[in-house]
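K.L.:
Any chance you can model this:
(chains A and B)
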There are 2 protein chains.
Amino acid sequence: MTTKQIVLAARPNGTPILNDFRFEDIELDELQQGEVLLQGMYYSVDPYMRGRMNEGKSYVPPFELNKAIEGGVLATVLESKSDLFKTGDVVLGSLPWSEKMIASDKNLQKIESTVESLTYYLGILGMTGLTAYFGLMHIGKPKAGETVVVSGAAGAVGIVVGQIAKIHGARVIGIAGSDEKASLLKQEFGYDDVINYKTTGNIKNAIANLCPNGVDVYFDNVGGEISDAVIQNLNFHARIALCGQISLYNSTKIPLGPRIQPMLLTRSVLMQGFIISNFQKDFPEGIAQLSKWVNEGKLKFTETIIEGFDQLPAALLGLFKGENKGKMIVKA
Amino acid sequence: MTTKQIVLAARPNGTPILNDFRFEDIELDELQQGEVLLQGMYYSVDPYMRGRMNEGKSYVPPFELNKAIEGGVLATVLESKSDLFKTGDVVLGSLPWSEKMIASDKNLQKIESTVESLTYYLGILGMTGLTAYFGLMHIGKPKAGETVVVSGAAGAVGIVVGQIAKIHGARVIGIAGSDEKASLLKQEFGYDDVINYKTTGNIKNAIANLCPNGVDVYFDNVGGEISDAVIQNLNFHARIALCGQISLYNSTKIPLGPRIQPMLLTRSVLMQGFIISNFQKDFPEGIAQLSKWVNEGKLKFTETIIEGFDQLPAALLGLFKGENKGKMIVKA
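P.N.:
Okay, the predicted model is just below:
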């Protein structure tokens, strides 16, 4: 049986291009005991994948050249030689960007949906929601009445962070890249106000105006000049959850910026980098809490779903141009 | 009764100069009930004082122009209208840079020395020792077998940090500015090795060589390029205690440097700025622990004592040239 997969053809030099990916037709092996044959349905497309396209030590191993890209995938079981799954089951796993794939049953999770959309398991009830939940609750620790600023607010993680901060009584200001995103965040996701960093002029002043009591928590998805502006507005004992730095992922050397340590020192600020696997032992608690809020209607989510397996590379590149609102997903 | 005091004559533009200070003869008021007349004995000279010479919001209020500089002072009581202190008592307080001064009895602490030197109460048993203790134990949290790097290692705080880290079983590498300081740290204060940043060439490589297992805790007193080099060598889950940034205190605008957030993010690093007053409620515990170690001979200390009240401004400027080994003190 043959299938089509997408491999890393070249390590990007700066911003990735379509030629860094290559489509290949491959022959699948014979199904072995303990394995399932899967048909990919929904493919998760995430900023952290950019890091895996580089060589070098990071928190997840780099993708290998000429091997399939991997990520979160929802798939259906076409054929099973496993006692754990039967034909027709829907499973979630870290799987190759391949139309069909053979996988060991060990690293798959059966999904029996209790929420409206299956794709939520790639997003708000998956790594995305858990990243928002643990980063905000374990590092940001917003208190009622405090001010929380979220960069990349219209991204998959950002829309969840803002809502969880509101649930805890904070004032929430977002930073996003279009008026359309700003309206969405205010109207659908409860943000108190949103700065369009592309049109606002002086971001530092814009933050100062919208945060007259200063910034207590900064949930940072983007880094760079937006973070410089937020950091100038931090309060004493502020907390920065370092979740992403998407504005810098395509830099070819370490970018320069204002040194932040004097500000963090004189204001007793905490900055903590994290990845979601740091909180692995608490995942069940996180999923339970997120599911509860979703089912109670307290937590909403949005996705940008692009149709067609062949669109996966373009969808990933789109993240760096801000083409997504919420979670970026490709439907095969 | 007249006395001599040192006032802030001008706010420095960059590195302070002697002309930023002025000596004045003043008339002391009549002693009131609840007050004592003091004779200054030992004056603490500390890097954080540079920040108070600037205008603007910081963790301690700025010195006022044409008013006396203030700092930690050990003094003897010449005359008392207080029930708490009698003539001849030795007291510690935040007091003006004045040869004699009148002070309320409310903010003074009576010193009855249980250690060899009275001046220890300005240093290892005072703010200096507490800064080292709480910064290392509450933020750095070194574990046995981990590697701790200390910048400004031969400064008052640095020599204490290294010894406390050794008490907890860590490997300790210092960074200092002369071979003489490096020898002192290794021979007297138990540092496993020390880098002379002025002669070592590539600091990043020097750290990598001396820390083959990477850096788990970075206690930062200096900032700037030395910190850039340490940060390149951090381990996953490393902790940075931001205690001082003396290399940057004389900058006239926010200095540029490599952006550190991507590194802190991908390695799940914690960075925490602090000032010693954050730990005020735990001071008694800290002083008890430090006194115990000093009395057991586990914790040694060194001071650079400069003679003459008139030398106070020069002593402060000397901190920025690395003229001190350990605590800088002026003896009146």
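
K.L.:
Beta-bridge partners for residue A:45, please?
P.N.:
Residues in a beta bridge with residue A:45, per DSSP bridges, are residue A:328.

K.L.:
Enumerate every residue touching it.
P.N.:
If a contact means CB atoms under 8 Å, 6 or more residues apart in numbering or on different chains, then residue A:45 has A:71, A:312, A:315, A:316, A:319, A:328, A:329, A:330 as its contacts. Using the backbone N, CA and C atoms, a C-beta is placed for each residue, glycine as well.

K.L.:
So residue A:70 is in contact with residue A:93, correct?
P.N.:
No - applying CB atoms under 8 Å, one finds residue A:70 not in contact with residue A:93, separated by 9.6 Å.

K.L.:
Can you tell me which residues in chain A are near chain B?
P.N.:
A:51, A:58-59, A:220, A:223-224, A:227, A:236, A:242-245, A:248, A:254-262, A:264-275, A:278 (CB under 8 Å from any CB of the partner chain).

K.L.:
Could you single out the nearest of the contacts of residue A:45 to residue B:178?
P.N.:
residue A:319 (50.0 Å; CB to CB).

K.L.:
And the pLDDT for that closest one?
P.N.:
Looking at residue A:319, its pLDDT stands at 93.

K.L.:
isn't it right up against residue A:328?
P.N.:
Yes - contact criterion CB under 8 Å: residue A:319 and residue A:328 qualify, at 5.9 Å.

K.L.:
Which of those two has more residues huddled nearby?
P.N.:
residue A:328 (24 against 21; other CB atoms under 10 Å in any protein chain shown).

K.L.:
Was I right to think that one contacts residue A:304?
P.N.:
Yes - if you go by CB under 8 Å, residue A:328 and residue A:304 touch, sitting 5.2 Å apart.

K.L.:
Would you check how far apart the nearest residue to residue A:199 once chain neighbours are set aside and chain B are?
P.N.:
Excluding its sequence neighbours, the residue lying closest to residue A:199 (CB to CB, 6 or more residues apart in numbering or on different chains) is residue A:179, at 7.4 Å. Using CB to the nearest CB, to the nearest Å, one obtains 27 Å as the distance from residue A:179 to chain B.

K.L.:
Does residue A:179 touch residue A:198 like I think?
P.N.:
No - between residue A:179 and residue A:198 there is no contact under CB under 8 Å: 9.1 Å.

K.L.:
Could I get the full set of strands for the stretch 201-332 of chain A?
P.N.:
Remark: strands assigned in the stretch 201-332 of chain A by DSSP state E, counting those that start in this stretch are A:215-220, A:234-242, A:256-258, A:270-273, A:303-307, A:327-331.

K.L.:
Quick check: buried residues in the fifth one?
P.N.:
Meaning strand A:303-307. A:303, A:304, A:306 (16 or more other CB atoms under 10 Å in any protein chain shown).

K.L.:
Can you pull out the low-pLDDT segments for the stretch 51-200 of chain A?
P.N.:
For the stretch 51-200 of chain A, residues meeting the criterion pLDDT under 70 lie at A:57-58, A:114-116.

K.L.:
all helices of the stretch 1-150 of chain A, in order?
P.N.:
With DSSP state H, counting those that start in this stretch, the ranges of helices along the stretch 1-150 of chain A come out as A:49-52, A:127-134.

K.L.:
what angle separates the longest one from strand A:303-307?
P.N.:
If you take axes from the mean of the first three to the mean of the last three CA atoms, to 10 degrees, helix A:127-134 sits at 170 degrees to strand A:303-307.

K.L.:
Restrict the residues of chain A next to chain B to the buried ones and give me that as a ChimeraX selection.
P.N.:
In ChimeraX, a selection of the buried entries from the residues of chain A next to chain B looks like this (16+ other CB under 10 Å):
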select /A:51,58,59,220,223,224,227,236,242,243,244,245,248,255,257,258,259,260,261,262,264,265,266,267,268,269,270,271,272,273,274,275,278
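
K.L.:
nearest spatial neighbour of residue A:71, skipping sequence neighbours?
P.N.:
residue A:44 (5.3 Å).

K.L.:
Touching, that neighbour and residue A:324? I think so.
P.N.:
No - assessed by CB under 8 Å, residue A:44 is found out of contact with residue A:324, at 11.7 Å.

K.L.:
would TSV of the buried residues of strand A:303-307 with distance to residue B:186 and pLDDT be doable?
P.N.:
TSV is the format used below for the buried residues of strand A:303-307 (distance: CB to CB, whole Å; pLDDT from 0 to 100):
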residue	distance to residue B:186	pLDDT
A:303	59	92
A:304	59	94
A:306	61	97
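
K.L.:
can you list those in JSON lines and add distance to residue B:193?
P.N.:
Shown next, in JSON lines, are the buried residues of strand A:303-307 (distance: CB to CB, whole Å):
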{"residue": "A:303", "distance to residue B:193": "54"}
{"residue": "A:304", "distance to residue B:193": "53"}
{"residue": "A:306", "distance to residue B:193": "55"}
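
K.L.:
Touching, residue A:204 and residue A:234? I think so.
P.N.:
No - taking contacts as CB under 8 Å, residue A:204 lies outside contact range of residue A:234: 11.3 Å.

K.L.:
Among those two, which residue is more densely surrounded?
P.N.:
Shown here are residue A:204 and residue A:234; by other CB under 10 Å, residue A:234 has more neighbours (26 against 16).

K.L.:
Look at that one and report its pLDDT.
P.N.:
pLDDT, residue A:234: 98.
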